[in-house]
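1. sequence and predicted model, in that order:
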Amino acid sequence: MNKVGIGKIGFYTPPFYLDMTDLAHARGDEPAKYTIGIGQDQMAVTPISQDIVSMAVNAGLQIINDEDRSKIDLVIVGTESAFDASKSSAVYVHELLNIQPHARSFEIKHACYAATAGLQMAKDYVTLHPDRKALVIGTDVARYGLATGGEVTQGAGAMALLVSADPTILILEKDSAYTTKDIMDFWRPVYSEYAMVDGKYSNEQYLSFFNTVWNLYKEKTNRSIADIKAFSFHLPYTKMGKKALQEVLPEADDAKQKALSAIFEESLAFNRLVGNIYTGSLYLNLLSLLENGKGLKAGDRIGLFSYGSGAVGEFFTGLIAEDFKKGLASDKYTELLAKRQQVTVAEYEAMFTQNLPEDGSALTIDTANDSSACRLVEVKDHKRSYIVK
Ligand code: COA
């Protein structure tokens, strides 16, 4: 059987960020609540020139080359920030990334779980067709509203995963444990611009789903915590992952507990700077782990927990591939984060409340402050137009 998994990882976040200490001061909260209690230092802020399509394309452009373009058969976009209830964002992404025409392109919705559903489908497809590839992208803007309880857990960005045989970065293992249960912890009716969330209940359910699928995984595989080099979590905010890790640490001896805690802290670097990117959050944490985790080597097993409110949880594992560092676009991630511009709370609020026309009128978008490769440039007759430079 061919080894199949993640060959390349692309990451995009908009060119602006807000410091969480500034937000805490503006909202009358202690900064430590945001930086320690929630575990976030900065939050991505989205200009009107970026949406789920442009962000997905920017993440894809970071990794795909002409050979990939000719071999990609599946373009799967996971999102819970869709601007169209019918037309799939994957079709725009397919066109703007110039993927070969005879591909399947579709969008998946399942809260923050959709990219994982796409990744597992892509893995199965490439296992059957090892000479072909699949592109899976999670792209979202997390919006709870100004001065709401969830505001501190906003963010935006996209993660692009190129799935192939003999992957350079992570070999996905066959065994996986998953569960579905109909609950109301987080949802967004189509008439609402903002997510609705029962925050405390959502946290409890996240942990409960994690325990369920972790125990199921151990039963299915006869593996234990000793077999896991590092955990990677869906991170709506980094404290959430810390709480999940604490659920399983007592299963490990002291040395293993220390090692798992240390590498988990190292893995948080990128998530602390970007915030919640919903479908992409787990994969941003995986990328951050691979970039910042110390002592990782080929063959190490990474345990990944994906959670999508509503809800589905899945625990699966991957083995780090030989030369995984060579597969990462490290310079590009560093440059992307370093070039971001800090905004004030007033500037963030102005960007947050800027809306596109909804009456069919035309708007040409000023993109002077956004040098991203792909940008939304016009809305006219209810249609969006993009450029790729
Ligand atoms: N210094 C350090 N920590 C502080 C603090 C201070 N001055 N003040 C508060 N804290 C801690 C609290 O003890 C708490 O920690 P704990 O969770 O370990 O107990 C944490 O900060 C958050 O405080 P809390 O009062 O619970 O915050 P909140 O009522 O504003 O709600 C969320 C926080 C996360 C529930 C809310 O932001 C939310 O609903 N976010 C969206 C939820 C979400 O993303 N769900 C999806 C899960 S997939």
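-> Happy to help now that I have it. Residues are numbered from 1 along each chain as shown.

2. relative to the ligand, how far out is the closest residue to Ala142 other than its chain neighbours?
-> In space, and not counting its chain neighbours, Ala142 is closest to Asn276: 4.1 Å by C-beta to C-beta, 6 or more residues apart in numbering. In this view, the C-beta of every residue, glycine as well, is placed from N, C-alpha and C. According to C-beta to the nearest ligand atom, to the nearest Å, Asn276 and the ligand sit 6 Å apart.

3. and for Tyr283?
-> On the measure of C-beta to the nearest ligand atom, Tyr283 and the ligand end up 15 Å apart.

4. with adjacent residues omitted, what lies nearest to that residue?
-> Nearest to Tyr283 is Met159, by C-beta to C-beta, 6+ apart, at 3.9 Å.

5. show me the contacts for the residue in the stretch 101-250 of the chain positioned nearest to the ligand.
-> Proximity of the stretch 101-250 of the chain to the ligand (C-beta to the nearest ligand atom) peaks at Gly199, 2.3 Å away. When contacts are counted by C-beta atoms under 8 Å, 6 or more residues apart in numbering, Gly199 touches Gly149, Gly150.

6. go on, the one 10 residues further on?
-> For Phe209, the residues meeting the contact criterion (C-beta under 8 Å, 6+ apart) are Thr179, Lys181, Tyr307, Ala311, Val312, Gly313.

7. now rank those by neighbours and give me the top one.
-> The most neighbours of any of the contacts of Phe209, using other C-beta atoms under 10 Å, belong to Tyr307, which has 30 neighbours.

8. surely that one and Gly313 touch.
-> Yes. Using C-beta atoms under 8 Å, Tyr307 is in contact with Gly313, at 5.0 Å.

9. identify the contacts common to the two.
-> Tyr113, Tyr206, Phe209, Phe210.

10. take those residues and keep only those in helices.
-> Counting by DSSP state H, the part of the shared contacts of Tyr307 and Gly313 found in helices is Tyr206, Phe209, Phe210.

11. check those residues one by one and keep those near the ligand.
-> Filtering these for neighbours of the ligand using C-beta under 6 Å from any ligand atom leaves Tyr206.

12. what's the closest of the ones in helices among the shared contacts of Tyr307 and Gly313 to Asp366?
-> Tyr206 (39.5 Å; C-beta to C-beta).

13. tell me which helix or strand comes right after whatever helix or strand Tyr283 lives in.
-> Assessed by DSSP states H and E, Tyr283 sits inside helix 281-292. The C-terminal neighbour of helix 281-292 among helices and strands, as given by DSSP H and E, is strand 301-308.

14. got the angle for the first helix or strand past that next one going along the chain vs helix 281-292?
-> Following strand 301-308 in sequence order, the next helix or strand is strand 312-320 (DSSP H and E). Interaxial angle, strand 312-320 versus helix 281-292 (axes from the mean of the first three to the mean of the last three C-alpha atoms, to 10 degrees): 20 degrees.

15. strand 312-320 near the ligand anywhere?
-> No. Against the ligand, strand 312-320 shows no contacts by C-beta under 6 Å from any ligand atom, the least distance being 10.0 Å.

16. so what strands line up beside that strand?
-> According to DSSP bridges, strand 312-320 forms sheet pairs with strand 170-180 (antiparallel), strand 301-308 (antiparallel).

17. mean pLDDT and distance to the ligand added to the ones you listed, as TSV?
-> Converted to TSV, the strands paired with strand 312-320 look like this (pLDDT from 0 to 100; distance: least, C-beta to the nearest ligand atom, whole Å):
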stretch	mean pLDDT	distance to the ligand
strand 170-180	97	15
strand 301-308	98	5
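
18. distance to Thr353 for those strands - can I get that in CSV?
-> Output for the strands paired with strand 312-320, formatted as CSV (distance: least, C-beta to C-beta, whole Å):
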stretch, distance to Thr353
strand 170-180, 36
strand 301-308, 28
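
19. pick the most deeply packed of those.
-> Most buried of the strands paired with strand 312-320 by mean neighbour count (mean count of other C-beta atoms under 10 Å) is strand 301-308; its value is a mean of 24.

20. which one is Gln154 nearest to, not counting chain neighbours?
-> Spatially, and ignoring its direct neighbours in sequence, Gln154 is nearest to Ala142 (4.7 Å; C-beta to C-beta, 6+ apart).

21. so the residue nearest to Tyr283 touches Ser288, yeah?
-> No. Contact criterion C-beta under 8 Å: Met159 and Ser288 do not qualify, at 10.8 Å.

22. next secondary structure after the one helix or strand Ala90 maps to?
-> Per DSSP H and E, Ala90 falls inside helix 89-96. Sequence order places strand 104-108 as the next helix or strand after helix 89-96, per DSSP H and E.

23. run through who's touching that next one.
-> 73-79, 82, 88-91, 93-94, 99, 114-115, 117-118.
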